[in-house]
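Trainee: A structural model of the following input is requested.
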Amino acid sequence: MKIEDKIKLVVDALEDIKARDITVLDTTKLTSLFERMIIASGDSNRQTRAIANNVREKVKEAGEHVGGMEGEDTGDWVLLDLGEVIVHVMQPATRTHYNLEELWGAGEAARARHIQADH
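Mentor: Next up is the predicted model:
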């Protein structure tokens with residue numbers, strides 16, 4: 001699956017469960033470990049877990065590999081390893097505290113609606 005198709009699949013899965021503030025960062029110039037980082041917010045532990053589980057299921061249904069999922073026990077911050085795409089689903093306070101967008105800010109950021117408009 002092409003990276004653009006995987007990003008669209010993940011963003012659609014995030015939006016299915018009403019994830020908010022979806023941001024996609026292009027990290028190709030910053031690391032060789034993954035090409036994109038997708039960050040989204042959920043309002044509760046239950047919602048962040050549901051969002052992450054939906055992403056995992058949709059990616060598996062598409063025949064893609066899910067390397068792992070961490071943080072589902074607490075739901076404050078759930079991380080999915082999809083190979084060239086890493087997905088962070090966080091509660092707003094956790095997201096503000098760790099501020100991944102600023103840490104990885106040298107990457108090119110795009111709001112999900114712009115990515116979907118391109119496809």
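
Trainee: so which strand or helix has Val11?
Mentor: Under the assignment given by DSSP states H and E, the secondary-structure element containing Val11 is helix 3-16.

Trainee: list the contacts for Gln91?
Mentor: Under the criterion of Cβ atoms under 8 Å, 6 or more residues apart in numbering, the contact list for Gln91 reads Ser41, Gly42, Asp43, Ser44, Asn45, Thr48, Gly75, Asp76, Trp77. From N, CA and C alone the C-beta is placed, and that goes for glycine too.

Trainee: circling back to that earlier point, for the helix holding Val11, the distance to its chain's centre please.
Mentor: Averaging C-alpha coordinates over helix 3-16 and over its chain gives two centres that are 9 Å apart (Cα atoms, centre = their mean, to the nearest Å).

Trainee: pLDDT-wise, which helix or strand of this structure ranks last?
Mentor: Of all the helices and strands that make up the chain, the one with the lowest confidence by mean pLDDT, DSSP states H and E is helix 112-117; it has a mean of 47.

Trainee: got the angle for the top helix by length along the chain vs helix 3-16?
Mentor: Longest helix of the chain, by residue count under DSSP state H: helix 45-61. Inter-element angle recorded for helix 45-61 and helix 3-16: 140 degrees (by axes from the mean of the first three to the mean of the last three Cα atoms, to 10 degrees).
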